[in-house]
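J.: Based on what follows, work out the 3D shape:
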Amino acid sequence: METTDIKKLENSRLDEIGQHVRHLRKTNTNLSAENFAYEKGFDRVQYSRIEKGTNITMKTLLKVVDSHNMTLKDFFNSMG
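T.: Predicted structure coming up:
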C-alpha cells in the first residue's frame, strides 16, 4: 500500500470516529457540542476538533468514552 493510500485510510477512520462521537452526543443528549464540552470538562475547541475527526491521543479517546458512560469495547462495537 502506498503512503498516499495509507493516509487516506487513516483520515477516513479518524473521520468515522469523529462522526461517531458526534452521533453519540446528538443521540444521547440535546446539548450543543459547546455545552457538552463544558459539562464534561473538555476545552470547547478541543471537543469540536474531536467531532471533526482530528487525530487525538489515547487519553483523550478514553475521556470521550468515559464522558458517554461507555466502555471502550461498547464505544467501538456501537460504531457498527
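
J.: How much space separates residue 15 from residue 21?
T.: Distance of residue 15 to residue 21, given as Cβ to Cβ, to the nearest Å: 11 Å. C-beta: built from backbone N, CA, C; applies to glycine.

J.: for this structure, what's the longest helix?
T.: helix 3-28 (DSSP state H).

J.: Does anything pack onto the helix or strand that that helix is followed by? Which helices or strands?
T.: Counting by DSSP states H and E, the next helix or strand C-terminal to helix 3-28 is helix 33-40. Using 3 or more Cβ pairs under 8 Å, 6 or more residues apart in numbering; DSSP states H and E, the elements in contact with helix 33-40 are helix 3-28, helix 44-51, helix 58-67.

J.: Please work out which of those is packed deepest.
T.: helix 44-51 (a mean of 17; mean count of other Cβ atoms under 10 Å).

J.: looking at it, residue 54 is touching residue 15, isn't it?
T.: No. Applying Cβ atoms under 8 Å as the test, residue 54 and residue 15 come out as separate, 9.7 Å apart.

J.: how much space is there between the nearest residue to residue 34 once chain neighbours are set aside and residue 38?
T.: Of all residues not flanking residue 34 in the chain, residue 44 sits nearest, at 5.2 Å (Cβ to Cβ, 6 or more residues apart in numbering). Distance, residue 44 to residue 38, using Cβ to Cβ: 7 Å.

J.: likewise residue 8?
T.: 34 Å.

J.: Determine which of the helices and strands packed on helix 33-40 approaches residue 79 most closely.
T.: Residue 79 lies closest to helix 3-28 among the helices and strands packed on helix 33-40, at 5.1 Å (Cβ to Cβ).

J.: other SSEs contacting that closest one?
T.: Identification of packing neighbours for helix 3-28 by 3+ Cβ pairs under 8 Å, 6+ apart yields helix 33-40, helix 44-51.

J.: let's see 7 Å
T.: With contacts taken as 3 or more Cβ pairs under 7 Å, 6 or more residues apart in numbering; DSSP states H and E, helix 3-28 sits against helix 44-51.

J.: If you count contacts, what does the helix it packs on end up packed against?
T.: Looks like helix 44-51 contacts helix 3-28, helix 33-40 (3+ Cβ pairs under 7 Å, 6+ apart).
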